[in-house]
Each structure stands twice: as C-alpha cells, then as structure tokens.
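**Student:** Okay, structure incoming, though there's no sequence with it:
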C-alpha cells in the first residue's frame with residue numbers, strides 16, 4: 001500500500017505545529033512565566049528551545065521520514081540486525097495511548113467551557129459561582145463523559161478521511177482560526193486598564209527577580225518547558241515525518257514548527273498576563289488560572305460573553321489539534337503492525353480510547369478516593385506523570401541515541417536524511433554535542449523531574465521512586481548500549 005503524503009508544505013507545518021501546540025503552550029507557559037519572573041524566564045526558555053528542542057525534533061522527524069512508518073515499525077525498519085532498538089517502540093505506543101487517556105478529558109473541558117461561555121454562564125457571575133461551577137463539572141459524571149466522548153468522536157471522524165482530505169484540511173482551517181483569534185484576544189488584553197504593568201513584567205527581564213527565585217530553579221524550569229513544549233518522544237511528531245516528501249530539509253521544517261509553537265506560547269502570555277495584572281490577579285496562580293481566574297476576568301468586562309467564548313474556542317482548537325495528531329499516530333500503529341485498513345483501525349482505536357479515557361473521567365468523582373501519587377492527587381495526575389516525567393524524556397533520549405550511535409541508525413545516515421532537500425542544513429559540526437552532551441541534558445531533566453516530584457514525601461519514598469526512575473532509564477540504555485550480535 002502506497003503511503004500517503006501531505007498535499008503541501010504548509011499543510012505539514014500546520015499539522016505538525018498543531019501537534020506541538022497544545023495545552024502546555026496556553027496553560028502551562030503563561031503561569032510558568034508568572035511563577036519564574038516573566039521576561040527573564042522567557043529569554044532562557046528561547047535559548048534552550050534552540051539548543052535542546054530543535055535537535056531532538058529533527059531526530060524524530062528523520063526516523064519517521066526514512067522509515068516511512070509509525071513508531072510501531074520505524075525502529076525495525078532502520079535498526080541493524082541483532083540489535084534491540086525495536087523495544088523502544090513501546091515507549092511511543094504506550095505513551096500515545098496514555099496521553100490520550102487524559103488529554104481527551106481536558107480537551108472536553110475546553111469544549112464545555114466554550115459552550116458555557118457562549119451560553120452566557122459567566123455573565124454577572126461572582127468569584128464563588130465561577131469556582132463552584134468548575135467543581136460541579138468535575139463531580140458530574142454524565143457531563144464529563146459526554147464532552148470526553150464528543151471530542152473523541154470528532155477527532156476520529158477527522159482521521160477517518162486520511163491525511164490530505166481529513167487532518168491536513170481541518171488543521172489548515174483550525175490553525176488559521178486559532179492564530180487569528182489569538183491576535184484579537186492579545187490586542188484586547190493589551191488595552192485593558194492597568195495592563196501596562198503586566199506588559200513590562202512580560203517583556204522586560206528582571207534578573208533580580210530571577211536571583212530571588214533562584215537561578216537554578218528558573219533555568220531548570222525554562223529547560224523543562226523548552227523540552228516538553230514540542231510533544232517530542234512518543235512518536236507523535238515522527239508520524240508526520242513519515243508522511244513528508246524529501247523536497248525540504250528537516251532542520252528547516254523543525255525551525256518553522258518551533259517558531260510557530262513559540263509564537264502561540266508567547267501570544268498566550270500576552271492574552272493572560274496583562275489581563276491578570278489589570279485585575280490584580282497573581283499570574284503564577286497555576287492551572288486554576290484557566291478555569292477559575294480567566295472566567296472571573298471575563299465576567300467583569302464589557303462583552304465578556306464574546307471574549308470568553310473566543311478564548312475557550314482558542315483553547316479548544318489548541319487541544320483538538322494535538323488530539324487529532326496523536327489519534328493519527330495511534331491509528332497508524334494498527335495499520336503498520338496488523339496491516340489493517342484505515343477504516344478498521346480508526347473504529348477499533350476510537351472504541352479503545354473512549355473506554356481507556358473513562359478512568360480519568362471517574363477519577364474526579366466516583367474514584368476520587370484513589371490518590372496514586374499522594375494526598376490530593378488523582379488518576380489524571382498519575383497518567384500525566386507517566387507520560388510527562390517518563391515516556392517523553394525517555395523516548396527523546398532513545399531517538400537521540402538511535403540517530404548517533406554506531407550500533408543504531410548512525411550519525412551519517414541520520415545526517416544524510418536530515419539534510420535531504422532544500423532549506424536549513426543540520427550542522428555536522430555539532431556531532432559531539434548531539435552525541436554526548438544532549439543525552440546527558442535529557443537524563444538530568446528526567447532524573448530531576450523525579451526528584452522534584454517526590455522530594456517532599458519522605459526519604460524512603462524519594463529513594464524508592466528514584467530507584468524506579470533509574471530502572472526505566474536502564475531499559476533505554478540497555479537498548480542503546482547492547483552491541484550488535486554477530487551472525
């Protein structure tokens with residue numbers, strides 16, 4: 001069966017950027033800016049995005065385009081006989097399913113809040129009513145289930161039509177609308193009364209604030225966000241590399257996608273941070289910023305019903321673009337592993353994802369007593385932890401090692417694939433950095449993520465979980481360091 005390709009370069013960039021642009025850009029990035037001191041954090045973040053995010057993204061794209069398969073079959077296609085790189089495919093397979101087990105729920109929240117804004121639920125509501133509304137949604141099983149299933153069905157219907165007629169066509173419209181809505185919302189926030197202080201906080205680096213927070217904390221926060229923002233590590237970007245033709249170099253495309261992803265993150269900050277300063281709200285408030293703080297702001301401004309609807313429509317598009325991208329990755333697993341048709345794979349995958357999403361939905365109500373990572377945590381926290389703190393960094397480490405080690409695909413083969421086509425060339429001079437320094441940075445991010453997660457839970461708990469992290473890391477290193485078996 002001939003593999004599908006994108007109909008245009010713009011389609012590839014918008015679809016891939018749509019995968020990278022998700023809730024992390026418009027939810028996590030603004031409140032991290034608030035937490036870590038604004039512009040100083042952004043400056044460091046941009047540096048790490050160039051030296052950390054782009055090289056890993058090029059590695060993942062290269063494996064996809066060279067193999068012409070999803071992560072379920074890409075390592076088998078490119079690895080040398082007698083090696084164990086193919087075992088790394090399970091990081092991508094498990095990671096994609098786990099990500100959608102909770103991301104669909106959050107995407108459903110966005111759609112529901114867009115619906116509520118259009119309906120006018122926040123008009124004239126006070127702070128207590130907005131806060132209570134979010135709690136009521138979480139406790140309402142039928143509401144949570146409906147919106148989760150609804151966004152799943154829409155996403156799989158788009159994927160059913162394939163790359164050009166489904167995902168590419170919808171992404172062009174959705175991403176264009178997302179960018180237009182962002183500009184309108186940002187323009188509106190910039191002219192709110194008192195927004196000037198927020199703009200200064202966002203654009204003028206305050207290194208004294210960074211010293212107060214701790215340089216190490218700010219640097220690591222920027223490094224982690226730069227690493228995770230591009231959705232690299234579980235094959236969600238690889239799959240679109242497999243649909244690329246060879247007319248453009250991969251470094252050039254990676255730079256374009258990263259630039260678009262960064263633009264959305266920065267614009268999200270322009271929407272949220274000036275608005276927070278305008279109403280005297282702490283911009284480092286955390287995830288509650290989206291579902292409690294922002295609706296409170298819209299409830300107090302003229303035309304809040306319209307602005308609120310536009311804001312949550314923008315968030316819905318950001319979430320949905322990632323959902324469709326990862327759905328396509330999941331559908332391709334069955335097509336590669338079992339040679340199923342797209343129709344059959346789409347139907348089976350839809351049923352599986354809907355069923356697997358239910359524990360997350362129930363984790364806020366029926367199963368709220370289950371606190372897997374300590375007091376106050378829920379099933380979504382566990383699923384997010386497995387993906388964000390484990391599978392994304394470990395998968396990324398796997399791609400980098402596979403593309404650079406002699407017993408893997410190898411640097412020469414990777415570089416040839418990355419530099420095929422017109423555009424920015426991936427520099428051969430940074431071989432030492434990509435081969436040795438970048439893996440160490442990823443390992444540090446991975447281990448420190450575990451440390452930060454469990455450091456306050458007691459010495460025995462911390463030691464136990466750090467041992468678990470080393471065990472998982474050992475699996476990747478086993479695949480990478482295992483010598484090729486001679487015949």
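**Tutor:** All right, it came through fine. Computed from a predicted model, the values in this text were never measured in an experiment.

**Student:** any low-confidence regions in the protein?
**Tutor:** The chain contains residues with pLDDT under 70 at 1-2, 281-289, 484-487.

**Student:** contacting residues for the most centrally placed residue in it?
**Tutor:** Central residue of the chain (Cα atoms, centre = their mean): residue 231, 4.0 Å from the mean position. Neighbour list for residue 231: 19, 20, 22, 237, 322, 325, 392 [criterion: Cβ atoms under 8 Å, 6 or more residues apart in numbering]. No exception for glycine: its C-beta is placed from N, CA and C like everyone else's.

**Student:** mind listing which of these are in helices?
**Tutor:** 19, 20, 322, 325, 392 (DSSP state H).

**Student:** so which two of those residues are the farthest from each other?
**Tutor:** Distance extremes for these: the farthest pair is 325 and 392 at 14.5 Å, using Cβ to Cβ.

**Student:** how about the residue nearest to the centre of the chain, phi and psi?
**Tutor:** The phi/psi pair for residue 231 (degrees, to the nearest 10) reads phi 60, psi 40.

**Student:** so residue 24 sits right up against residue 229, yeah?
**Tutor:** Yes - here residue 24 lies in contact with residue 229, judged by Cβ atoms under 8 Å, at a distance of 5.6 Å.

**Student:** out of these two, which sits in the busier spot?
**Tutor:** Using other Cβ atoms under 10 Å as the criterion, residue 24 and residue 229 rank with residue 229 on top: 24 against 21.

**Student:** May I have the residues that are in contact with that one?
**Tutor:** Residue 229 touches 20, 24, 25, 29, 49, 53, 261, 262, 265, counting by Cβ under 8 Å, 6+ apart.

**Student:** Compile these into a markdown table and extend it with columns for distance to residue 312 and secondary structure.
**Tutor:** Converted to a markdown table, these look like this (distance: Cβ to Cβ, whole Å; DSSP: H, G, I helix; E, B strand; the rest coil):
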| residue | distance to residue 312 | secondary structure |
| --- | --- | --- |
| 20 | 21 | helix |
| 24 | 17 | helix |
| 25 | 15 | helix |
| 29 | 17 | helix |
| 49 | 27 | helix |
| 53 | 28 | helix |
| 261 | 20 | helix |
| 262 | 22 | helix |
| 265 | 18 | helix |
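
**Student:** nearest to residue 333, of those residues?
**Tutor:** Checking these against residue 333 by Cβ to Cβ gives residue 20 as the nearest, at 20.3 Å.

**Student:** Tell me, how many residues neighbour the closest one?
**Tutor:** Applying other Cβ under 10 Å, we find 26 residues neighbouring residue 20.

**Student:** And for residue 276, the neighbour number?
**Tutor:** Residue 276 has 26 neighbours, counted by other Cβ under 10 Å.

**Student:** Just to be sure, it is in a strand?
**Tutor:** No - under DSSP: H, G, I helix; E, B strand; the rest coil, residue 276 falls outside any strand and is assigned helix.

**Student:** isn't it right up against residue 293?
**Tutor:** Yes - with contact defined as Cβ under 8 Å, residue 276 counts as touching residue 293 (7.0 Å).

**Student:** Tell me how far the nearest residue to residue 261 once chain neighbours are set aside lies from residue 232.
**Tutor:** Nearest residue to residue 261, sequence neighbours excluded (Cβ to Cβ, 6 or more residues apart in numbering): residue 20, at 4.4 Å. Distance of residue 20 to residue 232, given as Cβ to Cβ, to the nearest Å: 8 Å.

**Student:** thinking again about what came up before, could you dump the ones in helices among the contacts of residue 231 into JSON lines with distance to residue 57 added?
**Tutor:** Putting those into JSON lines (distance: Cβ to Cβ, whole Å) gives the following:
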{"residue": "19", "distance to residue 57": "11"}
{"residue": "20", "distance to residue 57": "8"}
{"residue": "322", "distance to residue 57": "15"}
{"residue": "325", "distance to residue 57": "14"}
{"residue": "392", "distance to residue 57": "12"}
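
**Student:** And the buried ones among the residues you listed, selectable in PyMOL?
**Tutor:** Buried members of the ones in helices among the contacts of residue 231 can be picked out in PyMOL with the line below, counting by 16 or more other Cβ atoms under 10 Å:
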select buried, resi 19+20+322+325+392
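
**Student:** distance between the ends of stretch 220-240?
**Tutor:** End-to-end distance of stretch 220-240 (Cα to Cα, to the nearest Å): 29 Å.

**Student:** contacting residues around the closest residue to residue 195 other than its chain neighbours?
**Tutor:** Nearest residue to residue 195, sequence neighbours excluded (Cβ to Cβ, 6+ apart): residue 274, at 3.6 Å. Residues near residue 274 by Cβ under 8 Å, 6+ apart: 189, 190, 192, 195, 196, 198, 199, 202.

**Student:** ok, so of these, who is nearest residue 353?
**Tutor:** Among the contacts of residue 274, and counting by Cβ to Cβ, the member closest to residue 353 is residue 189, at 35.1 Å.

**Student:** so that closest one makes contact with residue 195?
**Tutor:** Yes - using Cβ under 8 Å, residue 189 is in contact with residue 195, at 6.2 Å.

**Student:** okay, the two: which has more neighbours?
**Tutor:** residue 189 (25 against 21).

**Student:** other SSEs contacting the helix or strand hosting the more buried one?
**Tutor:** Here residue 189, judged by DSSP states H and E, is contained in helix 169-190. Contacts defined by 3 or more Cβ pairs under 8 Å, 6 or more residues apart in numbering; DSSP states H and E place helix 169-190 against helix 9-20, helix 250-278, helix 304-337.

**Student:** quick check: angle from it to helix 304-337?
**Tutor:** Put simply, helix 169-190 runs at 150 degrees to helix 304-337, going by axes from the mean of the first three to the mean of the last three Cα atoms, to 10 degrees.

**Student:** Report the buried residues of helix 169-190.
**Tutor:** 169-172, 174-175, 178-179, 181-182, 185-186, 188-190.

**Student:** Tell me which two in the residues you listed are the farthest apart.
**Tutor:** Greatest spatial distance in these: 169 and 190, 32.9 Å, computed using Cβ to Cβ.
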